[in-house]
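In: Have a look at this prediction, sequence included:
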Amino acid sequence: MSDFLWETDVLIEAMRARPIGTMPAGIRGISIDSRTVEKGDAFFAIAGDRFDGHDFLINAQKAGAALHVVSERRIPALGRLQAPMLVVDDVLDALGRLAAAARARSKAQIVAVTGSVGKTTTKEALRHGLAVNGTVHASLASFNNHWGVPLSLARLPAETRYAIFEIGMNHPGEIRPLVKLVRPHAAIVTLIAAAHLGHFRDLDEIADAKAEIFEGLVAGGTAIVNSDDPKCMRLASAARAAGVTNVMTFGEAPGADFRMTEFEAGDAGSMLIADIAGTSVSVELAMSGKHFAQNTLAVLGAAHVAGADVEAVAARLSSWQAVKGRGQRYSLAMPSGGEITVFDDSYNANPASMRAAIDTLRLARLGENGRRIAVLGDMKELGGHSGDLHAGLAEPLAAAGVSRVFLVGEEIRALESALPEAIESSLHDAPADAEEQLLSEMRAGDAIMVKASRSIGLEKLVEGLLTRYPPRPVALDEAPPTGDTTSVPDDTPENSTR
């Protein structure tokens, strides 16, 4: 087995590239961000909406890039670069051709995941759980778009047993070319909800766009859909229309192939018992929200479809932790004694995920004189539905026993007038303003949940809290599981177009 991710002669053939300079024998990794280049990598100079990778070639060379993949049209401007180069017609297109070659050589069982909520959480749970059965490769962070998917696929090592790819969209037609590149053996749709509703007429159109994922399934592949989702039948019909004969379901509904039979939630964890295609398994989860248990059903179902040891995967999931910004729980020690619990769900938000996060706050155990506090920001891309959907959060907040709400942004203002008198609220233009007031009011025993669309920047508020009050160490082992072939950095490629 080669020590290289790709041998250079294979790269040249797959990408139809023209070599310049003395070529290395191969590359050990692929980067499109000069800040993440490691020694021996190939740097792909992708031109995005905000940045052009060709402007960072010198940085990539200094960081240890073994070769650079560049566009033919930019060659005249690269006179200062004295480094091995592979010249292609278009760098992103060449990355796509390399991704296709990676898929052609792979013998891995491949799972693709989409949905309005829970994509990254489900992908990360699959990464963690399947590692007990063999090597796992998965897309990093939320690399789920037109550059993220081919990049993740091009990084797939030849000798990998399982591969998981997250595929996202915010317009119709975006999933179709990506899933046809991935060609999964199983395709999961987590849930259809009002995410990106500003780009669609209704939830039916969102479901139809998500259902594009079934068009790329290999012959004999399996569609896995949520039996508790009102759009389940629409998705199942779309899968069959795409030629999929194996359609399986997960959820609480009677007759689901991967069915929740018992669920018990606590303040810091939960117990799930499930029937996975006739096999009863139990999972102790470190997260309390029921939405995590729903995602776990999809994970166990995909493990079954992939031929993994489902009981071993279930046992492995007991050490799985929520992803940063997607429900991660912190206990912060107060100088005067006692603790504050913080739920960091700041990465993104839509009406369904907001309600799930609020329900997690409902389950939180409070200290003496503690309160449930929500720090909420705008949910973006809701179009003309924005006002009603923001105001609609008042009911779950009241049901969860929330007594204080900090609101950050413009669209979230629609919620303030809908809140009952029992819930105190304040409006803030920026996360820093909300953080300042929160710090002046919070006290030991409180449970605080932070959530908004990422553009609001509420992760800065969470970072401020963690800097001021370092979190108590988590008891569970958080080291990457044996068998993982990738890590999950918290970065955004400088060439990102979304």
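Out: Yes, it's here.
In: where in the stretch 51-200 of the chain is pLDDT low?
Out: By pLDDT under 70, the low-scoring segments of the stretch 51-200 of the chain are 79, 196-198.
In: Surely Met260 and Phe292 touch.
Out: No - with contact defined as C-beta atoms under 8 Å, Met260 does not count as touching Phe292 (11.7 Å). Where C-beta positions appear, they are placed from N, C-alpha and C, glycine not excepted.
In: Of the two, which one has the most company?
Out: Set side by side, Met260 and Phe292 show more neighbours around Phe292, with 27 against 21, by other C-beta atoms under 10 Å.
In: distance of that one from Ala131?
Out: Separation of Phe292 from Ala131 (C-beta to C-beta, to the nearest Å): 18 Å.
In: what does Thr249 give?
Out: For Thr249, the distance to Ala131 - C-beta to C-beta - is 26 Å.
In: what do you get for Val37?
Out: Taking C-beta to C-beta, one finds Val37 at 26 Å from Ala131.
In: Also Leu57?
Out: 35 Å.
In: Then Gly216?
Out: In terms of C-beta to C-beta, Gly216 sits 25 Å off from Ala131.
In: What of Glu166?
Out: Taken as C-beta to C-beta, the span from Glu166 to Ala131 is 17 Å.
In: So which of those two has more stuff around it?
Out: Neighbours were counted for Glu166 and for Ala131 using other C-beta under 10 Å; Glu166 has more, 28 against 21.
In: May I see the domains of this protein written out as residue ranges?
Out: With domains defined by automatic domain parsing, the chain comprises 6-89, 106-319, 328-468.
In: if I pick the residue positioned nearest the centre of the chain, what's in contact with it?
Out: Centroid check for the chain by C-alpha atoms, centre = their mean gives Thr120 as the closest residue, at 2.2 Å. By C-beta atoms under 8 Å, 6 or more residues apart in numbering, the contact list for Thr120 reads Ala141, Ser142, Asn144, Glu166, Val323, Arg326, Tyr347.
In: Okay, and which of the residues you listed map to helices?
Out: The helices, defined by DSSP state H, take in nothing from these.
In: out of these, which are buried?
Out: Ala141, Ser142, Asn144, Glu166, Val323, Arg326, Tyr347 (16 or more other C-beta atoms under 10 Å).
In: Save those residues as a markdown table, and put in distance to Arg472 too.
Out: Converted to a markdown table, these look like this (distance: C-beta to C-beta, whole Å):
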| residue | distance to Arg472 |
| --- | --- |
| Ala141 | 26 |
| Ser142 | 28 |
| Asn144 | 33 |
| Glu166 | 31 |
| Val323 | 19 |
| Arg326 | 20 |
| Tyr347 | 22 |
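In: taking these one by one, which sit in strands?
Out: Glu166 (DSSP state E).
In: tell me which of the buried ones among the contacts of Thr120 is nearest to Arg372?
Out: Ranked by distance to Arg372 (C-beta to C-beta), the buried ones among the contacts of Thr120 are led by Arg326 at 19.7 Å.
In: residue contacts, Thr22?
Out: Counting by C-beta under 8 Å, 6+ apart, the residues that Thr22 touches are Pro84.
In: Could you say which helix or strand holds Arg316?
Out: Using DSSP states H and E, the element containing Arg316 is helix 310-316.
In: can you map out the strands along the stretch 201-350 of the chain?
Out: 222-226, 246-251, 258-265, 270-276, 279-285, 328-333, 339-345 (DSSP state E, counting those that start in this stretch).
In: just those: most buried one?
Out: With neighbours taken as mean count of other C-beta atoms under 10 Å, these reach their highest mean count in strand 222-226, at a mean of 28.
In: Could you measure from Leu156 over to Leu203?
Out: 33 Å.
In: okay, those two: which has more neighbours?
Out: Leu156 (23 against 18).
In: so the residue lying closest to that one once chain neighbours are set aside, which of the three states?
Out: Distance criterion C-beta to C-beta, 6 or more residues apart in numbering; nearest residue to Leu156, sequence neighbours excluded, is Ala102 at 4.6 Å. Put simply, Ala102 is helix when judged by DSSP: H, G, I helix; E, B strand; the rest coil.
In: Please apply the same query to the one 10 residues further on.
Out: Using three-state DSSP, the structure places Ala112 in strand.
In: And for His390?
Out: Relying on three-state DSSP, one would call His390 helix.
In: thought it was touching Glu411?
Out: Yes - between His390 and Glu411 there is a contact under C-beta under 8 Å: 5.8 Å.
In: anything in contact with each of the two?
Out: With C-beta under 8 Å, 6+ apart, His390 and Glu411 have common neighbours Asp378, Met379, Leu382.
In: so which of those residues is the most crowded?
Out: In terms of neighbours by other C-beta under 10 Å, the shared contacts of His390 and Glu411 top out with Met379 at 28 neighbours.
In: what's the distance between the closest residue to it other than its chain neighbours and Ala303?
Out: With C-beta to C-beta, 6+ apart as the criterion, Met379 has its nearest non-adjacent residue at 4.7 Å, and that residue is Ala349. Distance, Ala349 to Ala303, by C-beta to C-beta: 29 Å.
In: can you check Ile167 too?
Out: 19 Å.
In: One more: Ser106?
Out: 18 Å.
In: And those two? Which one has more around it.
Out: Neighbour totals were compared for Ser106 and Ala303, and Ala303 leads with 31 against 18 (other C-beta under 10 Å).
In: so what's Glu311 closest to, chain neighbours aside?
Out: Closest to Glu311 by C-beta to C-beta, 6+ apart is Val281, at 5.5 Å.
In: If you could redo that for Ala194, that was the one I meant.
Out: Pro351 (4.9 Å).
In: Distance check, that neighbour against Val117.
Out: Distance from Pro351 to Val117, by C-beta to C-beta: 9 Å.
In: Mutual contacts of those two, please.
Out: Ala193.
In: Show the residue spans covered by the strands in the stretch 351-498 of the chain.
Out: Counting by DSSP E, counting those that start in this stretch, the strands of the stretch 351-498 of the chain are 372-377, 402-408, 424-428, 447-451.
In: I'd like these written out as JSON lines, with mean neighbour count, mean pLDDT and distance to Ile188 added.
Out: Formatted as JSON lines, the strands of the stretch 351-498 of the chain follow (neighbours: other C-beta atoms under 10 Å; pLDDT from 0 to 100; distance: least, C-beta to C-beta, whole Å):
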{"stretch": "strand 372-377", "mean neighbour count": "26", "mean pLDDT": "97", "distance to Ile188": "28"}
{"stretch": "strand 402-408", "mean neighbour count": "23", "mean pLDDT": "97", "distance to Ile188": "32"}
{"stretch": "strand 424-428", "mean neighbour count": "17", "mean pLDDT": "97", "distance to Ile188": "37"}
{"stretch": "strand 447-451", "mean neighbour count": "27", "mean pLDDT": "96", "distance to Ile188": "23"}
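In: closest one to Asp3 among these?
Out: Using C-beta to C-beta as the measure, strand 447-451 is the one of the strands of the stretch 351-498 of the chain that comes nearest Asp3, at 43.3 Å.
In: what's the closest one packed up against?
Out: strand 339-345, helix 351-363, strand 372-377, helix 459-468 (3 or more C-beta pairs under 8 Å, 6 or more residues apart in numbering; DSSP states H and E).
In: swap the cut-off to 6 Å and go again
Out: Packing partners of strand 447-451 (3 or more C-beta pairs under 6 Å, 6 or more residues apart in numbering; DSSP states H and E): strand 339-345, helix 351-363, strand 372-377.
In: Can you say which of the ones you listed is nearest to Glu212?
Out: helix 351-363 (20.1 Å).
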